[in-house]
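Novice: I'll drop the sequence and a predicted model, then ask my questions.
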Amino acid sequence: MESKVANDFDDIYRIVTEKAKEGDEKSIRLFLSMQKDIQSNAKLAAKTFEMVEDDEQEDDDLVLD
C-alpha cells in the first residue's frame, strides 16, 4: 500500500513539474508548495532517525565477558 502511494505521488509530482515548466500558474504554485512539504518532511524524517539512533546507543547496556 505504501509503495503504491509513493508511486502515485511520484506520478503526480512528474505531471505537476511538467505543467509548471510549461508555465501553468497553478502548477507552479503547487510545485513550490510540494517542494516545501517535501523539504519539511525530509527534515522531520532526519530528526526522527537521529532520535532512534540515539535511543539505540543509550539502551545498549550489554556486558560481554
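Specialist: Nice, thanks for sending it over. This structure is a prediction, so every number in the text was calculated from the model and none was measured. Numbering: from 1, shown residues only.

Novice: now do the buried residues in the helix or strand hosting residue 29.
Specialist: Secondary structure assignment for residue 29, by DSSP states H and E: helix 25-58. For helix 25-58, a neighbour-count test (16 or more other CB atoms under 10 Å) marks 27, 30, 31, 34 as buried. From N, CA and C alone the C-beta is placed, and that goes for glycine too.

Novice: got the contact list for residue 6?
Specialist: By CB atoms under 8 Å, 6 or more residues apart in numbering, no residues touch residue 6.

Novice: name the helix or strand for it, please.
Specialist: Residue 6 belongs to helix 2-21 when assigned by DSSP H and E.

Novice: show me how far that helix is from its chain's centre.
Specialist: 13 Å (CA atoms, centre = their mean, to the nearest Å).

Novice: buried set for it?
Specialist: 16, 19, 20.

Novice: quick one: average pLDDT of stretch 46-65?
Specialist: Across stretch 46-65, pLDDT averages out at 67.

Novice: picking up where we left off before, which of the buried residues of helix 25-58 sit farthest apart?
Specialist: 27 and 34 (10.0 Å; CB to CB).
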